[in-house]
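J.: Sequence first, then the predicted structure:
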Amino acid sequence: MNSPTASVRCTVNGRALALDLNPEIRLLYVLRNDLGLKGTRYGCGAGDCGTCMVLIDGRAVNACDTPLWAVEGKAVTTVEALDEPDGMPILAAMFTTHQAAQCGYCTSGILVSAAALLGHNPNPDEAAVRAALDRNLCRCGIHQRAVAAVLAAAREMQT
Ligand code: FES
Ligand code: FES
């Protein structure tokens with residue numbers, strides 16, 4: 001039996017798309033398998049780890065528990081776009097400077113959470129950064145360096 005399909009219209013990294021797919025499929029699979037955007041990672045698959053985070057209309061959302069239909073008419077931004085000149089490339093640069101990745105698996109999601117924060121609060125204090133990264137698990141223990149990198153990126157964006 002074929003899965004039901006619907007045309008879900010949205011933008012992904014600024015590109016307007018009409019996705020003729022099962023609307024119940026999780027956004028994470030569409031990004032990775034249909035659009036080839038492998039930077040968004042599969043971790044727990046249950047909304048608990050934050051490795052799969054993307055921006056939806058500027059808000060950090062777990063793609064693993066977001067059905068495709070939920071992005072109808074919305075703007076999806078993945079970690080790939082953050083590194084473009086009109087994204088927020090200073091974030092990845094500061095993560096490199098501060099060595100804020102170890103295994104790196106969770107880094108995409110952390111960058112997306114940080115971008116969501118800086119998108120609405122360009123001058124956060126440490127507590128705001130910690131709160132923004134609270135939904136991102138990292139077993140390598142780089143949280144302290146990630147907070148420092150986000151604060152440094154915010155400072156750079158002010159200059
Ligand atoms: S893979 Fe989505 S929250 Fe863990
Ligand atoms: S750098 Fe995050 S799990 Fe290792």
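T.: Noted; the coordinates are in hand. Ligands and ions are numbered 1, 2, ... in the order given.
J.: which one is residue 99 nearest to, not counting chain neighbours?
T.: residue 145 (5.9 Å; CB to CB, 6 or more residues apart in numbering). Heads up, the C-betas are built off the backbone N, CA and C, glycines and all.
J.: Dihedrals phi and psi, residue 153?
T.: phi -60, psi -40 (degrees, to the nearest 10).
J.: Pull up the gap between it and residue 127, please.
T.: 17 Å (CB to CB, to the nearest Å).
J.: Those two: which has the busier surroundings?
T.: Neighbours around residue 153 and residue 127, counted as other CB atoms under 10 Å, are more numerous at residue 153. The numbers are 26 against 9.
J.: is it true that that one touches residue 88?
T.: Yes - under the criterion of CB atoms under 8 Å, residue 153 makes contact with residue 88 at 7.5 Å.
J.: anything in contact with each of these two?
T.: When contacts are counted by CB atoms under 8 Å, 6 or more residues apart in numbering, residue 153 and residue 88 are jointly contacted by residue 118.
J.: ok, residue 131 - how many residues close by?
T.: Counted with other CB under 10 Å, residues neighbouring residue 131 total 13.
J.: sorry, that was for residue 25
T.: Residue 25 has 18 nearby residues by other CB under 10 Å.
J.: hmm, back to that, does the residue nearest to residue 99 count as helix, strand or coil?
T.: With DSSP: H, G, I helix; E, B strand; the rest coil as the basis, residue 145 sits in helix.
J.: Please apply the same query to residue 18.
T.: Residue 18 ends up strand, using three-state DSSP.
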